[in-house]
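J.: Fold the following, please.
(one chain, ligands or ions: 1)
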Amino acid sequence: MSDQTEWRDLQVALRTASDIAFDQEIPSGEQADVLLDALRRAQAAALALAAGPGTTGCRVHPHGAVDPLYGDKEDPLPPGWGKCLLCNDRRRRAATNRRGAATGRRGMR
Ligand SMILES: [Zn+2]
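T.: You can find the predicted model right below:
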């Protein structure tokens with residue numbers, strides 16, 4: 001989904017939520033459910049916006065995870081590698097296959 005869409009979703013959801021929240025009466029029952037649903041949608045849209053386009057700088061996986069080792073001074077990524085965890089994992093696997101199993105160091109952390 002594009003940022004425009006997320007932004008629209010966020011606005012629509014927040015408008016719904018505030019309509020209910022600032023109504024004359026305290027929301028209850030069905031209204032409270034609608035409020036909750038709107039807030040959930042707003043949060044999901046806001047999270048997508050926070051992730052942003054090109055967080056990874058990857059054209060294939062723009063909304064993928066960022067490699068936790070990106071910017072790590074003690075264990076830097078090889079030159080030319082991007083922030084995209086999916087692509088870096090692929091590179092890591094390729095490198096491991098070439099060199100044999102000498103990369104236990106780069107396990108979970
Ligand atoms: Zn990627």
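
J.: ok, which stretches of this protein are strands?
T.: Remark: no strands are assigned in the chain by DSSP state E.

J.: For the protein, which residues are neighbours of the ion?
T.: Taking CB under 5 Å from the ion as the contact definition, the chain meets the ion at Cys58, Val60, His61, Cys84, Leu86, Cys87. To be clear about C-beta, it is placed using only N, CA and C from the backbone, and glycine gets the same treatment.

J.: Swap in 8 Å and give it another go.
T.: 56, 58-61, 64, 82, 84-88, 90 (CB under 8 Å from the ion).

J.: just those: which has the poorest pLDDT?
T.: Comparing pLDDT over the residues of the chain next to the ion singles out Arg59 as the least confident position, at 77.

J.: ok, how many other residues are close to it?
T.: When neighbours are defined as other CB atoms under 10 Å, Arg59 has 10 of them.

J.: what about the protein, any weak spots by pLDDT?
T.: Within the chain, the ranges that satisfy pLDDT under 70 run 1-2, 51-54, 99-109.
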